[in-house]
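K.L.:
okay, here's the prediction I keep looking at, along with the sequence it came from:
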Amino acid sequence: MTSSAELVQALSSLPHGSEFRFIDEMVELTPGVSARAVWRLKGGEEFLRGHFPGAPLMPGVLMIEALAQLGGILIQTRPGEPPLKNLRLTAVRQIKILGSITPGQSLHLSGSLQGVLDTLGQISGEIRDDAGNVILTGAVTLAGER
């Protein structure tokens, strides 16, 4: 188990600005192994205006981005390994979107680092809604530089 300070530090390892961060809170982190986090869809996000007017839904591609951000935290917190530079999403694998998130709900993300080969890392994970229903499953690959 990690301390609150370690969870805040892990969240700060993301290169994204606050406008494009899809993790509000780190719930649990085993550095370089697994993590759980939460992001709340508040309803005022700009992208919801057009997705879809009158019936807003969290875009699936942004749910994938949220999973990638969790993966970035896992890769950047590997014990004994220096952080990678310019870490980017490079592949999505076996993504299944099984439901939706609407304003007022939270995305409950969980992921595990499946492996790292040089500057590539693969993360598998899922996103659940507030009721515990699986909304998204799959894997993402991130690449960086030394």
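P.N.:
In hand now; what should we look at?
K.L.:
contacts and neighbour counts: CA atoms only from here.
P.N.:
Fine.
K.L.:
what residues sit buried inside the helix ranked longest in the chain?
P.N.:
Ranked by number of residues, the top helix in the chain under DSSP state H is helix 60-76. Within helix 60-76, the residues scored as buried using 16 or more other Cα atoms under 10 Å are 60, 63-76.
K.L.:
the residues you listed: which two are farthest apart?
P.N.:
With distances taken as Cα to Cα, the most widely separated pair in the buried residues of helix 60-76 is Gly60 and Gln76, at 24.5 Å.
K.L.:
helices of this structure, residue ranges please.
P.N.:
Along the chain, counting by DSSP H, helices occupy 4-12, 60-76.
K.L.:
need the ones you listed in JSON lines with distance to Arg49, can you?
P.N.:
Output for the helices of the chain, formatted as JSON lines (distance: least, Cα to Cα, whole Å):
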{"stretch": "helix 4-12", "distance to Arg49": "27"}
{"stretch": "helix 60-76", "distance to Arg49": "15"}
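K.L.:
weakest of these by average pLDDT?
P.N.:
Set side by side, the helices of the chain give their lowest mean pLDDT on helix 4-12, at a mean of 74.
K.L.:
and the residue sitting furthest away from the middle of the chain, how far from Pro103?
P.N.:
Taking Cα atoms, centre = their mean, the residue of the chain most remote from its mean C-alpha position is Gly54, at 26.7 Å. From Gly54 over to Pro103 the distance is 12 Å, taken as Cα to Cα, to the nearest Å.
K.L.:
what's the answer for Ile23, then?
P.N.:
Distance from Ile23 to Pro103, by Cα to Cα: 15 Å.
K.L.:
looking at the two, which has the bigger crowd around it?
P.N.:
Ile23 (21 against 16; other Cα atoms under 10 Å).
K.L.:
how about the contacts made by that one?
P.N.:
When contacts are counted by Cα atoms under 8 Å, 6 or more residues apart in numbering, Ile23 touches 11, 37-39, 66, 69-70.
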